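Novice: what shape does this take:
(chains A, B, C and D)
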There are 2 protein chains.
Amino acid sequence: MSVEPRADTGGDRISAARERFDRLYRTLRDRICLLDYPPGARLREEALAEEFGVSRTPLRRVLGWLEAQGLVRSVQGVGTIVTDVDIVALTQVYQMRMELAELIGKLSPVEPDAETLALFRALQARSRTLAVTPDPRAFAELNLDFFYALLRLTANEPLREISERLYLQTSRIWLKSIPRLDLAEEIAIFSREIADILAAVEIGDLEAAGLTRRSHISMCFARLRAQSARSGARGTQG
Amino acid sequence: MSVEPRADTGGDRISAARERFDRLYRTLRDRICLLDYPPGARLREEALAEEFGVSRTPLRRVLGWLEAQGLVRSVQGVGTIVTDVDIVALTQVYQMRMELAELIGKLSPVEPDAETLALFRALQARSRTLAVTPDPRAFAELNLDFFYALLRLTANEPLREISERLYLQTSRIWLKSIPRLDLAEEIAIFSREIADILAAVEIGDLEAAGLTRRSHISMCFARLRAQSARSGARGTQG
DNA sequence: GTTGAGGCAGTTGTGTACAACATCACGCCG
DNA sequence: CGGCGTGATGTTGTACACAACTGCCTCAAC
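Specialist: Predicted structure coming up:
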């Protein structure tokens, strides 16, 4: 499911070293994408190494991957800084994500099985719960899980990898401005998106699901940009 | 132009360390993509470190990036092996590349300036020279340069990064089977592709250029698969 | 002849000490 | 009072030694 820990194709024995690496990588990645480490935060290798009970060497390998994914940037003498995304780059990524969302319904679509359907219904249930008791963190996690559910709709591995990469790069930027938007309204909109896409998935029309997703990404970005314009010209550059 | 050495946005001073890293990364990447290190080749860290006059530590950072890009895979006790791509993955990547080629003409197209036009014309001249004196290596380099010229047609940075990543992953697989195809014929076809796309670029119709490119990628893969089927059922799995 | 265990050579993974570099505070000088 | 040099401090980058692991070869037992 994940892009990076090179899914052990075939019967590859996963070594203890690689397992440690995967665990560290996912942990740090999630912390970045759920804003535990917000953009601009400085990560210190030694502190992280101590926390995970390893030396700096294997930890630096993990940070190297995060840097390759564009989530952090190491600079000598300063530290490892969580990247931010300026408004221009954000616009470009959102344009790409719109196209990719449409492609998910067109390239190698997979007939949704019972498990996938159950997953989408569970997500819808969670969104209803969230609408009653709004919580930013739970909203972030629901968004992430919903995204991964959407990835199940295509069997095209490169498309999944690319979609994941772009999502992880920008979702945290969107999350960052949630407090300046209307949380309850965003949750309501998101609930409708889940309902719409679930309806499309239930009748097996994945192309419709992709188009729906595309339109929601488009409108989501429009709200983001409108908010950015309202709250002054200060962008998200870091 | 390159995806990985995080183009120093703004006036960032590039440190000596990063410069060394970029040089090593590009060198090794080119060697892999031009088949100096064919799929399955085993890279030894110590030998490479000695060649470049550094220790294993910074070299391992470079190999880590190559692994993140899917070009090599390090496994403890064995070595760092250049990856191969099986026929299923190859098919999926080519499908994605077709879509991306079309997007290059649609997402943030940039009006070709004089420099870009001159570049395309120079590439056409090189293809004509190559048609007279066929050479696999020169063909590989021309293909790479033509690809980078196409990337100039869009300003969408994520699209460029993704296109580059997928191209570098599969071009070497295609190159590998060139000897089993008709080199002269492939060069002739490629010359026509350059001519077609140059014509579209000259009148500023980037969407047409994208569609042309897409159809050529499609036909290129069809020839590749036909050859693969002819030369027995042995795939390119490694 | 076959098969299994054991050791040996070779490779990547890890820990640690030190070098290179950036930032900031402090104090000197104009 | 402002500006600049200089040192202290903290961080990432590098080198090297050793540990962990894999594959192969040898050799003995059956």
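Novice: tell me the contacts of A:L63?
Specialist: A:L63 makes contact with A:L28, A:L43, A:E45, A:V72, A:S74, A:T80, according to CB atoms under 8 Å, 6 or more residues apart in numbering or on different chains. Where C-beta positions appear, they are placed from N, C-alpha and C, glycine not excepted.
Novice: how about those, which pair is most distant?
Specialist: A:L28 and A:S74 (13.0 Å; CB to CB).
Novice: which one's more surrounded, these two?
Specialist: A:L28 (23 against 18; other CB atoms under 10 Å in any protein chain shown).
Novice: let me know the helix or strand that the more buried one is in.
Specialist: According to DSSP states H and E, A:L28 maps onto helix A:16-33.
Novice: now do A:R225
Specialist: Counting by DSSP H and E, A:R225 is part of helix A:206-230.
Novice: contact partners of that helix?
Specialist: A:87, A:90-91, A:94, A:97-99, A:101-106, A:109, A:112, A:150, A:153-154, A:174, A:177, A:180-181, A:186, A:189, A:193, A:196-197, A:200-201, A:235-236.
Novice: just the ones of these in helices?
Specialist: A:87, A:90-91, A:94, A:97-99, A:101-104, A:150, A:174, A:186, A:189, A:193, A:196-197, A:200-201 (DSSP state H).
Novice: list buried residues within those.
Specialist: Applying 16 or more other CB atoms under 10 Å in any protein chain shown to the ones in helices among the contacts of helix A:206-230, the neighbour count classes A:87, A:90-91, A:94, A:97-99, A:101-104, A:150, A:174, A:186, A:193, A:196-197, A:200-201 as buried.
Novice: quick check on A:P112: phi, psi?
Specialist: As for A:P112, its main-chain torsions (degrees, to the nearest 10) stand at phi -60, psi 130.
Novice: could you find the closest non-adjacent residue to it?
Specialist: A:V201 (5.2 Å; CB to CB, 6 or more residues apart in numbering or on different chains).
Novice: how near is the one you found to A:F146?
Specialist: A:V201 sits 12 Å away from A:F146, going by CB to CB, to the nearest Å.
Novice: which ones are touching the most centrally placed residue in chain A?
Specialist: Centroid-nearest residue in chain A, with CA atoms, centre = their mean: A:L168, separated by 3.5 Å. Contact analysis of A:L168 by CB under 8 Å, 6+ apart lists A:R29, A:C33, A:Q69, A:L71.
Novice: now a PyMOL select for only the buried ones of those residues.
Specialist: To isolate the buried subset of those in PyMOL, counting by 16+ other CB under 10 Å, use the following:
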select buried, chain A and resi 29+33+69+71
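Novice: enumerate the beta-bridge partners assigned to the closest residue to A:T83 other than its chain neighbours.
Specialist: Among residues not flanking A:T83 along the chain, A:R73 sits closest, at 5.6 Å (CB to CB, 6+ apart). On the basis of DSSP bridges, A:R73 is bridged to A:I81.
Novice: residues in contact with A:R73?
Specialist: A:R73 touches A:E67, A:T80, A:I81, A:T83, B:R6, counting by CB under 8 Å, 6+ apart.
Novice: next: A:G79.
Specialist: A:R42, A:L43, A:R44.
Novice: distance of the closest residue to A:D30 other than its chain neighbours from chain B?
Specialist: For A:D30, ignoring the flanking residues on the chain, the nearest one in space by CB to CB, 6+ apart is A:D36 at 7.8 Å. Plainly put, A:D36 is 22 Å away from chain B if you go by CB to the nearest CB, to the nearest Å.
Novice: again with A:I203
Specialist: From A:I203 to chain B the distance is 25 Å (CB to the nearest CB).
Novice: can you check A:L117 too?
Specialist: Distance from A:L117 to chain B, by CB to the nearest CB: 24 Å.
Novice: my read is that that residue contacts A:E202, right?
Specialist: Yes - the criterion here is CB atoms under 8 Å, and A:L117 meets it with A:E202 at 6.7 Å.
Novice: for the residue nearest to A:D30, which three-state class applies?
Specialist: For A:D36, the secondary structure call by DSSP: H, G, I helix; E, B strand; the rest coil comes out as coil.
Novice: residue contacts, A:E102?
Specialist: Residues in contact with A:E102, defined by CB under 8 Å, 6+ apart, are A:G210, A:L211, A:R213, A:R214.
Novice: I'd like the average pLDDT over the helix or strand in which A:A125 is found.
Specialist: According to DSSP H and E, A:A125 maps onto helix A:114-132. The pLDDT scores in helix A:114-132 average 95.
Novice: stretch A:45-63 too?
Specialist: 97.
Novice: now do stretch A:180-196
Specialist: On average, stretch A:180-196 scores 93.
Novice: so which residues make contact with that stretch?
Specialist: A:120, A:123-124, A:127-128, A:130-131, A:134, A:136, A:139, A:142-143, A:146, A:178, A:212-213, A:216, A:219-220, A:223-224, A:227, A:231.
Novice: switch the cut-off to 10 Å
Specialist: A:120-121, A:123-128, A:130-136, A:138-139, A:142-143, A:146, A:149, A:174, A:178, A:208-209, A:211-213, A:215-217, A:219-220, A:223-224, A:226-228, A:230-231 (CB atoms under 10 Å, 6 or more residues apart in numbering or on different chains).
Novice: end to end, how far does stretch A:199-215 reach?
Specialist: 15 Å (CA to CA, to the nearest Å).
Novice: quick check: buried residues in that stretch?
Specialist: In stretch A:199-215, counting by 16+ other CB under 10 Å, buried: A:A200, A:V201, A:L206, A:A208, A:A209, A:G210, A:L211, A:T212, A:R213, A:R214.
Novice: rewinding a little: would you list the contacts of A:L63 in TSV and tack on distance to A:R18?
Specialist: Shown next, in TSV, are those (distance: CB to CB, whole Å):
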residue	distance to A:R18
A:L28	16
A:L43	22
A:E45	20
A:V72	21
A:S74	22
A:T80	22
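Novice: one step back: columns distance to DNA strand C and pLDDT on top of the contacts of A:E102, output as a markdown table?
Specialist: Shown next, in a markdown table, are the contacts of A:E102 (distance: CB to the nearest atom of the strand, whole Å; pLDDT from 0 to 100):
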| residue | distance to DNA strand C | pLDDT |
| --- | --- | --- |
| A:G210 | 38 | 97 |
| A:L211 | 43 | 97 |
| A:R213 | 37 | 98 |
| A:R214 | 40 | 98 |
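Novice: and the two most separated of those?
Specialist: Pairwise over the contacts of A:E102, using CB to CB, the maximum falls at A:L211 and A:R213, 7.2 Å.
Novice: the residue nearest to A:D30 against A:E141, yeah?
Specialist: No - using CB atoms under 10 Å as the test, A:D36 is too far from A:E141 to be in contact (12.0 Å).
Novice: contacts only, for the nearest residue to A:A149 once chain neighbours are set aside.
Specialist: Distances taken as CB to CB, 6+ apart put A:L119 closest to A:A149, at 5.2 Å, once the chain neighbours are dropped. A:L119 sits next to A:P112, A:D113, A:D145, A:F146, A:Y148, A:A149, A:R152, A:V201 when contact means CB under 10 Å, 6+ apart.
Novice: now A:L119: how far from DNA strand D?
Specialist: Noted for A:L119: a distance of 34 Å to DNA strand D, by CB to the nearest atom of the strand, to the nearest Å.
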